[in-house]
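A.B. asks: Test case, fold it:
(chains A and B)
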Amino acid sequence: MIDVEVARTMADLMGLNVLTLATIPLRFQIAPGTAASLGIANVDFAISFDGSEIASGQTTADGEVSIPLLALMGGSPAVLRIFDTDFNLTLHPGLQAVSGLDGRQRRLEHLGYMTGYQLVVIGGDQPDDNTDGPRTQQAIMNFQMDESLTIDGDIGNQTSGKIKSKVGGV
Amino acid sequence: MAIDLQLLNPILTPGLVPQRVVPVRFARSATGFSDVEAPDIDDHGFIVTAHGPARGPVVGVIKDKTIRVQVIRDRIDEATQLFVSTDDASIADIIFPEAGTALSPNDTPAASDGSTPERKADCIYLKGTSSASSTAEVLIKVHFGAAGGPVVAELGVRAYPHLTIRVKAHSVSINGTGPTTTIGTVRQIFRKVSDVYAQAGITFSVVGGMQAETVTGFARAGMVSLSATADSQNVELQTVLNQNPDHNMLNAYYFGHYFDTVDTSGGAAGTPDMVLGIAFSRRQATANPATVGFPGCGVGITMRDSADINEAAHTAAHEIGHAMTLEHYNNGNGQSGVVGDVRQDIWAHRDLMHNFVNLVNSDPAVARYKSSNARIDVGYGNYADGRTMTGQLLMNKLRAGIFQSDQVNLVRRAFLNNAYKPL
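C.D. replies: This next block holds a predicted model:
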């Protein structure tokens, strides 16, 4: 949550009311996962919506930025500028079941394991990420490694249960 | 260019932990066969507590050698200025980019006067500088915005003291038929083997010419017939390994062919050349001493002729791994030759000790393809006939749950214990 100072519209125009707005926490880290001390602290950021800056500051010790939920509910994306990089932020339609491909990829991305690139150079004709392709398998194995699970690259009951519990939610 | 990022709504999904974004990662900076300048990095998980403080991948380097590692801008703009530092330049120093200079997202061409070499885009060039007699560790850090800016990624570096293994090559004539492999080929092979083992700080040096060996009375001319299930008990194979081994070197025996009489997939009598190489360490030799009619298990590697230099080198590197006590990268039990137990996931395919030196062309739906819905080509190149190569020596990390996970350290320990030298 963040506090936003709003000018009073009645009576004492010099005073301020305080509205508490729901926020979405976003953590920037040097490595995936939920282990402590991975956050990238003290990095300047600014959040804008429809061309106007609505929040700014520095990442916390955990590397966290709080994104006002309201900024994500309009028709156009909110823009987070951090690391001299613009992130177009939108709301995800919602978590699917972890047993499904989208559900597990989304959770692995939520924890930072799912990469935008294939870190291992993959040659030949490989399955894309509409299946458990190389990126997904590598993300699963790194998750299993960090969580001391059996490392097999498969989403079995143990791994899916752990992914679900680490991400939280339904 | 802006990066699209979708966030989950915590009101619709209560109890969510904060979403994580990792802006920068690392990867190998080349494709194809092992390259001493572009080693693969050990990315078996991210948090390393057993060895060193790295919270990311690890790479190995030898003193006075320069390697390059690719920085991946996974969730950060191409134009963002990233700087690199080392925690201790006396262990591994940054050669490029120079201090105070940002990584370049574009290739930097060599100077026309030859004063500076070409530098590849977003690559860190590291030089091993440690003079320590034991392995030293250091962190390489990527900073955002300035040389002293926030750290956005960490790479562990293991600086290994340089070791040299001397190699004695033997040319074995069987019933009057010798191999086609020459000393020139053997030298080519071991130069490539040295590229594979650069990660562990080990170089191979072929000493002298090929020593001619002659054996007779074998079942097939020019061939070693494998008649026992346990190679450590195969009489012809062990007879070869007992031919004048040099007790101060790694002995490499070359002959024409293997003929596997146990594997009848190639015909009732057996299968020729299914096997590329076989090797033994001191431990196996000790466990299989000489008996009546059996010469005893030898120490060293045996190789058949191969017209493909990459196949011959890759096989030699794998077999040397066995001579240095490493076992196949299976599902945690190290069983050798049990096809149904072969791991076929992305890490297994990247491992030098994968059971096969190429991806076996079989139906990926069969049960032995554990953990993978596909045979994943990990970018190490192809043999001359198009087969896809597996495996390099990349495992520096000690991680629970992976059998022999710190192979580099095991190999170095085997060197100190003379595991590859005959008894």
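A.B. asks: quick one, helices of chain A?
C.D. replies: Using DSSP state H, the helices found in chain A span residues A:101-110, A:134-146, A:157-167.
A.B. asks: most tightly surrounded among those?
C.D. replies: Burial of the helices of chain A is given as mean neighbour count (mean count of other Cβ atoms under 10 Å in any protein chain shown); helix A:134-146 ranks first at a mean of 25. (Each C-beta comes from the backbone N, C-alpha and C, glycine too.)
A.B. asks: then that one to PDB, C-alphas only?
C.D. replies: Extracted C-alpha coordinates of helix A:134-146, given in PDB (Å, rounded to 0.1, in the frame of the first residue of the first chain):
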ATOM      1  CA  PRO A 134      14.000 -25.600 -23.100                       C
ATOM      2  CA  ARG A 135      13.300 -22.300 -21.300                       C
ATOM      3  CA  THR A 136      10.600 -23.900 -19.200                       C
ATOM      4  CA  GLN A 137      12.600 -27.000 -18.400                       C
ATOM      5  CA  GLN A 138      15.600 -24.900 -17.400                       C
ATOM      6  CA  ALA A 139      13.400 -22.800 -15.100                       C
ATOM      7  CA  ILE A 140      11.900 -25.800 -13.500                       C
ATOM      8  CA  MET A 141      15.300 -27.400 -12.900                       C
ATOM      9  CA  ASN A 142      16.700 -24.200 -11.400                       C
ATOM     10  CA  PHE A 143      13.600 -24.000  -9.100                       C
ATOM     11  CA  GLN A 144      14.000 -27.600  -8.100                       C
ATOM     12  CA  MET A 145      17.700 -27.000  -7.400                       C
ATOM     13  CA  ASP A 146      17.100 -24.000  -5.200                       C
END
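A.B. asks: quick one, it and helix A:101-110 angle?
C.D. replies: If you take axes from the mean of the first three to the mean of the last three Cα atoms, to 10 degrees, helix A:134-146 sits at 60 degrees to helix A:101-110.
A.B. asks: So which elements touch helix A:134-146?
C.D. replies: On a contact count with 3 or more Cβ pairs under 8 Å, 6 or more residues apart in numbering or on different chains; DSSP states H and E, helix A:134-146 meets helix A:101-110, helix A:157-167, helix B:346-349.
A.B. asks: Please tabulate those helices in TSV, including the columns mean pLDDT and distance to residue B:158.
C.D. replies: Below are the helices and strands packed on helix A:134-146 laid out as TSV (pLDDT from 0 to 100; distance: least, Cβ to Cβ, whole Å):
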stretch	mean pLDDT	distance to residue B:158
helix A:101-110	91	28
helix A:157-167	92	30
helix B:346-349	87	19
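A.B. asks: Tabulate the ones you listed (TSV), appending distance to residue A:52.
C.D. replies: Converted to TSV, the helices and strands packed on helix A:134-146 look like this (distance: least, Cβ to Cβ, whole Å):
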stretch	distance to residue A:52
helix A:101-110	29
helix A:157-167	32
helix B:346-349	45
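A.B. asks: wait, does stretch B:139-152 contact chain A?
C.D. replies: Yes. Counting by Cβ under 8 Å from any Cβ of the partner chain, chain A has neighbours in stretch B:139-152: B:144-145, B:150-152.
A.B. asks: mind checking the end-to-end distance for that stretch?
C.D. replies: Using Cα to Cα, to the nearest Å, the span of stretch B:139-152 from its first residue to its last is 13 Å.
A.B. asks: same question, stretch A:22-40
C.D. replies: Stretch A:22-40 has an end-to-end distance of 23 Å (criterion: Cα to Cα).
A.B. asks: Just the closest residue of the stretch 51-200 of chain B to chain A, please.
C.D. replies: In the stretch 51-200 of chain B, the residue that lies nearest chain A is residue B:77 (4.0 Å; Cβ to the nearest Cβ).
A.B. asks: one step back: between the helices and strands packed on helix A:134-146, which gets nearest to residue B:261?
C.D. replies: Taking Cβ to Cβ, helix B:346-349 is the member of the helices and strands packed on helix A:134-146 nearest to residue B:261, at 28.9 Å.
A.B. asks: wait, does the closest one make contact with chain A?
C.D. replies: Yes. Helix B:346-349 reaches chain A (Cβ under 8 Å from any Cβ) through B:346-347.
A.B. asks: what's next to that helix, contact-wise?
C.D. replies: Identification of contacts with helix B:346-349 by Cβ atoms under 8 Å, 6 or more residues apart in numbering or on different chains yields A:120, A:134, A:137-138, A:141, A:151, A:153, B:44, B:329, B:342, B:354, B:359, B:371-372, B:375-378, B:390-391, B:402.
A.B. asks: Apply 6 Å and report the result again.
C.D. replies: The contact list for helix B:346-349, computed with Cβ atoms under 6 Å, 6 or more residues apart in numbering or on different chains, reads A:134, A:137-138, B:329, B:354, B:376, B:378, B:390.
A.B. asks: Identify the farthest-apart pair in the residues of stretch B:139-152 next to chain A.
C.D. replies: B:145 and B:151 (11.2 Å).
A.B. asks: what about residue B:386, neighbour count?
C.D. replies: Here the number of neighbours of residue B:386 (other Cβ atoms under 10 Å in any protein chain shown) works out to 7.
A.B. asks: Residue B:171 too?
C.D. replies: When neighbours are defined as other Cβ under 10 Å, residue B:171 has 20 of them.
A.B. asks: Beta-bridge partners for it, please?
C.D. replies: Beta-bridge partners recorded for residue B:171 (DSSP bridges): residue B:212, residue B:254.
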